[in-house]
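Trainee: here is my input, please return the structure:
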Amino acid sequence: MEFAPGVLVAGGLVWNALSPQDYWGDPMLTAASVTAGALLSLRHTVAVGVVIVVGVFALTVKDGTADTVVGHLELFNTVFAALMGVGVNRVIARHGRHLGVVRMVAEAAQRAVLPEPPRRIGPLAVAACYQAAQSEARIGGDAYAVQRTPFGVRLLIADVRGKGMGAVSAVSVLLGAFREAAEVEAELPALADRMERALLRESEQTSEENRLEGFITALLCEVRPGADGVRLLDCGHPAPYLCRGSEVRALDAGEPGLPLGMGALGAGRPVATAAPFPVGSTLLLVTDGVTEARDRAGRFYDPAAQLTGRGPFGAPQEVIDLLVRDIGRWTDGPRDDDMAVLALTRRPLPAG
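Mentor: Model (predicted):
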């Protein structure tokens, strides 16, 4: 695309030089100025404008109209088109700077609400990834957290209904409640209930529509000291996956409970379920941006089916990188939803 202004300049000047009618190539020259302003830097936009003005002036001299009213008007129109290109360039540059500031603020808010987890915590090597559905976006409603507690390492991955600042506010409340309650609640159902109550208190300050329609799917996990497995509590969230050797399989998280924020419906919280998590394996937690990614035929992405046989799986970041690349290949285009991934590889504890 950066070559388009040059092609238009050459075409417009040649057309003006060879056409039996005067200046039929002027629309191409005007388009060259505007296109340069939109695509090129200020310096290159000015250069394109200078080339056009000099070229048209040379043609008026060649045609003998340089000292006539027609020649003066033609030169005036050419200078005006060149200045219009410069104006377009400045407007786009100003909006680009504004967009850059907005993006930096959004990234800072996302990092403040959703900081990167530690790379190692207890026996677990940790990696995480967050990707917005649109490449321009930097903020959304997917969340994850990893925390060492008196009851072991506790994990959370969640997906807030909605996007924008409302979703970010809900994520902030959710993570704050998780970090506080994870230190004192001995059982995962009680931890989920504490998070639920925090979300309901926050929702009292929102509209009735948001209270009725807002909810958060979440998966809570716990790796207890000395245990060789993981305990899972599913609150309406996609199941986790266990990557071991070259095999990837979905873990049974037990009966799924209602998403957080829907406690008013009165359904009780299910009990936590034990699942295997042996040394050397990787636990993969995802949001529905992964499991609901579609290919061109409308088929959903299945990590177990697509990643099995692609191992052996090593560090957690390698698993995430493989997953993200494979989803990009699967969708072959923009996704419809944000995507968060948390991967944890269980390492052997040091001897002694």
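Trainee: center of the protein - which residue?
Mentor: By C-alpha atoms, centre = their mean, the chain has its centre lying nearest to A132, at 1.8 Å.
Trainee: looks like that one contacts D338 (just checking).
Mentor: Yes - between A132 and D338 there is a contact at 5.3 Å, judged by C-beta atoms under 8 Å. C-beta here means a position set from N, CA and C on the backbone, and glycine is covered the same way.
Trainee: for H72, see how far away A158 is.
Mentor: Relative to H72, A158 is positioned 69 Å away (C-beta to C-beta, to the nearest Å).
Trainee: so these two - more neighbours on which side?
Mentor: It is A158, of A158 and H72, that has more neighbours when counted by other C-beta atoms under 10 Å, with 27 against 13.
Trainee: the more buried one: helix or strand, and which one exactly?
Mentor: strand 152-160 (DSSP states H and E).
Trainee: same question for A82.
Mentor: Assigned by DSSP H and E, A82 falls in helix 69-113.
Trainee: now do the helix or strand just after that helix: distance to the chain's middle.
Mentor: Next along the chain after helix 69-113, taking DSSP H and E as the criterion, comes strand 120-121. With C-alpha atoms, centre = their mean, to the nearest Å as the basis, strand 120-121 stands 25 Å off its chain's centre.
Trainee: what residues are up against V286?
Mentor: By C-beta atoms under 8 Å, 6 or more residues apart in numbering, the residues touching V286 are 157, 238, 240-241, 303, 323, 339-342.
Trainee: one more: R224?
Mentor: Counted by C-beta under 8 Å, 6+ apart, R224 has contacts 151-152, 231.
Trainee: redo that, cut-off 7 Å
Mentor: Neighbouring residues of R224 by C-beta atoms under 7 Å, 6 or more residues apart in numbering: 151-152.
Trainee: from I121, how far off is it?
Mentor: Look at R224 and I121: by C-beta to C-beta, they are 14 Å apart.
Trainee: go on, T331?
Mentor: 32 Å.
Trainee: what are the ranges of the helices in the stretch 101-250 of the chain?
Mentor: 164-181, 188-203, 208-213 (DSSP state H, counting those that start in this stretch).
Trainee: swap in the stretch 251-352 of the chain?
Mentor: Under DSSP H, counting those that start in this stretch, the stretch 251-352 of the chain gives helices at 288-291, 303-307, 316-331.
Trainee: deepest of these, which one?
Mentor: Highest mean neighbour count among the helices of the stretch 251-352 of the chain (mean count of other C-beta atoms under 10 Å): helix 288-291, with a mean of 22.
Trainee: run through who's touching that helix.
Mentor: 142, 159, 238, 300-301, 303, 327, 335, 337-341.
Trainee: point out where the stretch 151-300 of the chain drops to low pLDDT.
Mentor: Within the stretch 151-300 of the chain, the ranges that satisfy pLDDT under 70 run 162-166, 203-214, 263-267.
Trainee: still on that earlier bit, the helices of the stretch 101-250 of the chain: which one's closest to G309?
Mentor: Closest approach to G309 among these is made by helix 188-203 (32.8 Å; C-beta to C-beta).
Trainee: for that closest one, packing partners?
Mentor: Judged by 3 or more C-beta pairs under 7 Å, 6 or more residues apart in numbering; DSSP states H and E, helix 188-203 is in contact with helix 164-181, strand 216-223, strand 229-235.
Trainee: strands paired with the last one, and their directions?
Mentor: When sheet partners are counted by DSSP bridges, strand 229-235 sits next to strand 216-223 (antiparallel), strand 273-276 (antiparallel).
Trainee: quick check: which of the ones you listed is buried the most?
Mentor: strand 216-223 (a mean of 25).
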